[in-house]
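In: Fold the stuff below for me.
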Amino acid sequence: MTSTAGPSDRRSVAFPGGAALVGDDGAWVLADADPARALGPALAVARKAGATGTVNLVVEDAGGLLARRASQFAQPPLVWLVTGTSLERVEAEPLPVLPPVDPRVAAFAEVLLGAGADPVVEHGRLIGEVDGLEVARVVVDADGPHLEIGVGRFDREAHALVSSDRPTAEALADVVAFVRKHRVRGGENHPLQGLAADRWLRSRLLHEPALVGADHLAPLAPVVEAPDLRTPWPAPATGIDIEGRPVVVVASVGVDLDLVPAAADARLAAFPDGGARLVLAVAERDAHAVTRALAAALAAPADIVTVD
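Out: Here you go, the predicted structure:
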């Protein structure tokens, strides 16, 4: 349907990667840059500007994803799609269906464990992680499944060239040892420490679930995959808390304004009928007031637990 929003006494407020207006009809936010991650920032800007009405988010794509995430709030923002010279209200799109895992890759889990890596299944793939950093993945092609070793695509390609004459388990063990040596909290500065920081925190919580009041946790695939190892990206897990209730824990490092919408989407994916607690695990310095406000604004509010 076409927007019929009437005139209002609006004022312009800053919104990185777009523009925003706040008036007596709420807030209108146009997100040009990275629209799929714009819901949290839009809510944060509206809150800072003191908007009391509906938050309207205007985008050119990712509208269905944003509408689904918006539906998780007690006062859902409205999402609008730019269509020519008019706006059309966007309805929530269904959750994506994760691709199945090829049953032939199961045997590689023992190879990963034997080398000291943690097997993780996400988006139809089996990968091996060390402290949350991917060091190997099982690739299925015309020749069947095989293990590629390395941190990132280019590193995997390089390893395939220089380690082709070495036993796979031996080459993998060397990479695991190298990454573990440098992936140390409080250790000396090294490029490996800055990669996949959110998944590093999740890895710690998987091994120490009591830090967030859980009895046990297992990795949960994010609804949307991270574009690379450097981009901050909330890392979810699911399990049972110490009181026996289902829980979704989402680890995040740094102040991520889109953490709450992404975390709510992860809970919806794991428990479509509701009923699970949502816990945001962040460092104490990252438990920002805006994160707490957005967590409380969910229809089923999230708890925030700080981790040293």
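In: quick one: buried residues of stretch 90-106?
Out: 90, 92, 101, 105 (16 or more other CB atoms under 10 Å). Just so you know, the C-beta spots here come from the backbone N, C-alpha and C atoms, and that holds for glycine as well.
In: residues touching the nearest residue to the first one once chain neighbours are set aside, list them.
Out: The shortest distance from residue 90 to any residue other than its chain neighbours is 3.6 Å, reached at residue 63 (CB to CB, 6 or more residues apart in numbering). Taking CB atoms under 8 Å, 6 or more residues apart in numbering as the criterion, residue 63 is in contact with 79-81, 90.
In: which of those residues sit farthest apart?
Out: 79 and 81 (7.4 Å; CB to CB).
In: who's more crowded, these two?
Out: Neighbours were counted for residue 79 and for residue 81 using other CB atoms under 10 Å; residue 79 has more, 31 against 18.
In: part of a strand, is residue 135?
Out: Yes - per DSSP: H, G, I helix; E, B strand; the rest coil, residue 135 lies within a strand segment.
In: isn't it right up against residue 151?
Out: Yes - at 5.9 Å, residue 135 counts as touching residue 151 under the criterion of CB atoms under 8 Å.
In: what sits in contact with each of the two?
Out: Counting by CB under 8 Å, 6+ apart, the residues touching both residue 135 and residue 151 are 175, 179.
In: on that earlier part again, any idea which of the contacts of residue 63 is the one closest to residue 278?
Out: Closest to residue 278, out of all of those and judged by CB to CB, is residue 79, at 21.4 Å.
In: Over to that closest one: give its phi and psi.
Out: phi -110, psi 130 (degrees, to the nearest 10).
In: swap in residue 216?
Out: Per degrees, to the nearest 10, the backbone of residue 216 is at phi -160, psi 150.
In: residues near it, how many?
Out: Around residue 216 there are 14 other residues, counting by other CB under 10 Å.
In: give the contact list for it.
Out: Residue 216 neighbours (CB under 8 Å, 6+ apart): 209, 239-240.
In: Take those residues and lay them out in CSV including distance to residue 201, pLDDT and neighbour count.
Out: Shown next, in CSV, are the contacts of residue 216 (distance: CB to CB, whole Å; pLDDT from 0 to 100; neighbours: other CB atoms under 10 Å):
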residue, distance to residue 201, pLDDT, neighbour count
209, 13, 98, 21
239, 15, 98, 20
240, 20, 98, 17
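In: what about the helices in the stretch 151-300 of the chain?
Out: 153-162, 168-182, 197-207, 259-270, 289-296 (DSSP state H, counting those that start in this stretch).
In: Please apply the same query to the stretch 1-150 of the chain.
Out: 39-48, 63-70, 108-114.
In: Go through those helices and name the closest to residue 270.
Out: Once those are compared by CB to CB, helix 63-70 is nearest, at 14.2 Å.
In: Which residues are in contact with residue 307?
Out: 201, 204-205, 211-212, 281-284.
In: Out of these, flag the one nearest to residue 35.
Out: Proximity of those to residue 35 (CB to CB) peaks at residue 282, which lies at 24.4 Å.
In: In the stretch 51-200 of the chain, where is pLDDT below threshold?
Out: 154, 157, 160-165 (pLDDT under 70).
In: mind checking how far residue 273 is from residue 284?
Out: According to CB to CB, to the nearest Å, residue 273 and residue 284 sit 33 Å apart.
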